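1. Have a look at this prediction, sequence included:
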Amino acid sequence: MIEGAAWRRWVFFRIPLAGFLIFLLFPFYWMIITTFRPDGELYRPWRAANYSPFWTWDPTLDHIKYLFNETVFTTWLWNTMLIATASTIISLICGVFAGYALSRLKFRFAGSLGSAIFITYLVPQTLLFIPLSEIIRAYKIGDTPWSLILTYPTFLIPFCTWLMMGYFKAIPKELEECARIDGASRLKAMLYIILPVAVPGILSAGIFAFTLSWNEFIYALVFLSSPEQKTVPVGVVSELIRGDVFFWGPLMAGALLGSIPVAIAYSFFVEHYVSGMTGSVKG
Amino acid sequence: MASVSIQEVHKQYDDFHAVKGVSLEIKDHEFIVLVGPSGCGKTTTLRMVAGLESISNGQILIGDTVVNDLPPMDRDIAMVFQNYALYPHMSVYDNMAFGLKMRKFDRTEIDKRVRDAADILGIRDHLHRKPRQLSGGQRQRVALGRAIVRHPQVFLFDEPLSNLDAKLRVQMRVELKKLHARLGTTAIYVTHDQVEAMTLGDRVVVMHEGLIQQVGEPLELYNLPANKYVAGFIGSPAMNFARTRIVAENGALHAVNEGMRIEVPEHLRAAVQPQVGQEIWLGIRPEDLHTANDSHSESVCFSATVDVAEQLGSEILLDVRCAGASMVASVEPTLKVRAGDTVKLAMNPRRLHFFDQKTEKALR
């Protein structure tokens, strides 16, 4: 906190903070206002006398109705939810076990294996989708949810593993040693002591993984082709931009509705999520 | 309850030999303290007894069982850690009950044992709380409670009082002592604090650089240190050492350097005799140095310059300098002395120590 006179607090804290907030929240505001603005206002030239880009006196639900009636948006939502949830669960299970092993068990190459996993995370998806599409074709799972459920973990597992490794390292090893002296096997010590203590870390890894797969674009674009298989990010872009015509209203409505589930997930776990990020385990 | 036998135990890490052949017989009901500076191998030794570190060489027996290859859970021991290691997501009750649940005790027995332990430790009112809602002293009690509900063969303590503030530490020390008197369970206690070691231990093991330096009852270590290391480690302030040469004159032996000429007392003469002409260490504790008066023979006195006089109320600690060596003397609080003064000090000849220059072993 800034100490001293009131003007110092305003100049060095409140005004800059307000600036940042406006900067960060403006895209969301723009998304919301565009969703509810009638087409007549949206495509009005900026020189027009009644041009008011930041507000509308005439809100409408037309774009949302269009989204639900003229496109298969609910199917996209359902697809995205299914794919994100399934790939998150797979990645969390693998990530938690791998992170535990890499941070706690002493075995040869533990350190280099950890680094190798991290490096796989650094390979850009824009390169990886080319060999992956070969694999997808070979296993004939193109244009099905499986093509994404099974490929998203290629970047989610390294991510979860690294996050959980860091979190497990922050848990005092004495907790586990004490449990083992108390009569627990390594597996039981992990299940009854380490995992419950690591819940904030697991939740934040889960939320991040969920968000990453919810927003993923390039794999979804490449591996899915029929409209009823698509996810929200790809569906909205491919069905609501036709050539060089942008259906701004439905596009923004899709973006808004598509970001709501993630926002709900975040707000639901925000406390755990924050303590997971700061990695505090207090005995 | 059981005895513990540690036989020629080694711990070798990749590039570090942490424990270099430690042998120790711990009797049933005994409270034994391992003490030494950090890195001396005391904690590693304890962790090998616990089964948390593998044993590179040698063997450890608890009772009559060789435990080298037994996992911690099968050794029937309980351990109290420096950071308490309480399970943060469990209540105090569940923390204490965990070990019994893992061992499939029935509910009524668990309840009885937890409540008994809570009564002994005075934490009955906190059983439903979470560890983070407790003070440091209370957490320490829960950690103790978790150990005693198990009724194990051996208690292992790894610096359990180090995280407490000074006052609480003294209080918990007394309680630990009482607890041991009451339960009588064999205990191995690791600390770097020699006061803790002296007050708690039936016997104390001084360790240094992976080796046992001396094992003995507290007063034995204080009065008859086996070597210069133990002499300097036990006692506060530490023992003074002066480098002297042994000279034989008129049928008497003297330890001589530029600032002092001390007669070797009768009871040490035979041990020091072979060192005539050699340099050896003379050791004297601060509390065995007094300001000289007429009753002191000239042969135990020397002069020194005062660097600092520390007034403690009950005594004055004089930091003095004699022939280049600095020494500490604990003198009576009525003495009027200032920095720069020259004082004449007398040694108690009954309490002189001599140590071999090379082996640093005590000569007696």
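-> All right, it came through fine.
2. is it true that residue A:141 touches residue A:148?
-> No: counting by C-beta atoms under 8 Å, residue A:141 does not reach residue A:148; the two are 9.4 Å apart. Every residue, glycine included, has its C-beta placed from N, CA and C.
3. okay, the two: which has more neighbours?
-> With neighbours defined as other C-beta atoms under 10 Å in any protein chain shown, residue A:141 and residue A:148 compare such that residue A:148 has more, 26 against 17.
4. got the CA positions of stretch B:182-199 in CSV?
-> Below are the C-alpha coordinates for stretch B:182-199, written out as CSV (Å, rounded to 0.1, in the frame of the first residue of the first chain):
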residue,chain,number,x,y,z
ARG,B,182,5.7,-41.1,33.0
LEU,B,183,5.7,-43.3,29.9
GLY,B,184,9.2,-44.7,30.1
THR,B,185,9.4,-45.3,26.3
THR,B,186,12.8,-45.5,24.8
ALA,B,187,13.6,-42.2,23.2
ILE,B,188,16.2,-40.9,20.7
TYR,B,189,16.4,-37.2,20.6
VAL,B,190,18.4,-35.1,18.1
THR,B,191,19.3,-31.5,18.9
HIS,B,192,22.1,-29.0,18.2
ASP,B,193,21.5,-27.3,21.5
GLN,B,194,23.9,-28.6,24.2
VAL,B,195,21.7,-27.3,27.0
GLU,B,196,18.8,-29.4,25.7
ALA,B,197,21.1,-32.3,25.5
MET,B,198,22.5,-31.9,29.0
THR,B,199,19.1,-31.4,30.6
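5. Give the buried residues for that stretch.
-> In terms of neighbour count (16 or more other C-beta atoms under 10 Å in any protein chain shown), stretch B:182-199 has its buried residues at B:183, B:185-194, B:196-198.
6. could you give the mean pLDDT of it?
-> In this model, stretch B:182-199 has an average pLDDT of 94.
7. Can you name the helix or strand that residue A:58 falls in?
-> Residue A:58 belongs to no helix or strand when assigned by DSSP states H and E.
8. got the contact list for it?
-> Listed by C-beta atoms under 8 Å, 6 or more residues apart in numbering or on different chains, the contact partners of residue A:58 are A:37-38, A:41.
9. Mind checking which of the residues you listed are in helices?
-> Among the contacts of residue A:58, DSSP state H puts residue A:41 in helices.
10. contacting residues for residue B:317?
-> Applying C-beta under 8 Å, 6+ apart to residue B:317 gives the contacts B:237, B:286, B:309-310, B:328-330.
11. distance of it from residue B:270?
-> Computed as C-beta to C-beta, to the nearest Å, the residue B:317 to residue B:270 distance reads 34 Å.
12. Likewise for residue A:235?
-> Per C-beta to C-beta, residue A:235 is found 100 Å from residue B:270.
13. Give me the more crowded residue out of the two.
-> residue A:235 (25 against 11).
14. Helices along the stretch 51-200 of chain B, start to end?
-> With DSSP state H, counting those that start in this stretch, the ranges of helices along the stretch 51-200 of chain B come out as B:92-102, B:107-121, B:136-148, B:166-183, B:194-200.
15. tell me what the longest one is packed against?
-> Contact here means 3 or more C-beta pairs under 8 Å, 6 or more residues apart in numbering or on different chains; DSSP states H and E; on that basis helix B:166-183 packs against helix B:136-148, helix B:194-200.
16. Output those in TSV; the columns should cover distance to chain A.
-> Conversion of the helices and strands packed on helix B:166-183 to TSV gives the following (distance: least, C-beta to the nearest C-beta, whole Å):
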stretch	distance to chain A
helix B:136-148	7
helix B:194-200	20
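17. Export these as JSON lines, with columns for distance to residue B:30.
-> Formatted as JSON lines, these follow (distance: least, C-beta to C-beta, whole Å):
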{"stretch": "helix B:136-148", "distance to residue B:30": "17"}
{"stretch": "helix B:194-200", "distance to residue B:30": "12"}
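18. right, so those helices: which one is the most enclosed?
-> helix B:136-148 (a mean of 23; mean count of other C-beta atoms under 10 Å in any protein chain shown).
19. residues making contact with that one?
-> By C-beta under 8 Å, 6+ apart, the list of residues contacting helix B:136-148 from outside reads A:178, A:182, A:283, B:78-81, B:84-86, B:92, B:95-96, B:98-99, B:114, B:117-118, B:120-123, B:126, B:131, B:134, B:155, B:160-161, B:163-165, B:168, B:171-172, B:176, B:179, B:183, B:185.
20. export it as CSV, just CAs?
-> Extracted in CSV, the C-alpha atoms of helix B:136-148 (Å, rounded to 0.1, in the frame of the first residue of the first chain):
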residue,chain,number,x,y,z
GLY,B,136,3.3,-23.1,18.2
GLY,B,137,3.3,-24.7,21.6
GLN,B,138,-0.1,-26.3,21.0
ARG,B,139,1.0,-27.7,17.6
GLN,B,140,4.1,-29.2,19.3
ARG,B,141,1.8,-30.9,21.8
VAL,B,142,-0.4,-32.3,19.1
ALA,B,143,2.7,-33.7,17.4
LEU,B,144,3.7,-35.3,20.7
GLY,B,145,0.2,-36.6,21.1
ARG,B,146,0.2,-38.2,17.7
ALA,B,147,3.4,-40.0,18.7
ILE,B,148,2.2,-41.2,22.2
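21. what about residue A:140, how many neighbours?
-> Per other C-beta under 10 Å, the neighbour tally for residue A:140 reads 10.
22. nope, residue A:46 is what I meant
-> Look at residue A:46: counted by other C-beta under 10 Å, it has 6 neighbours.
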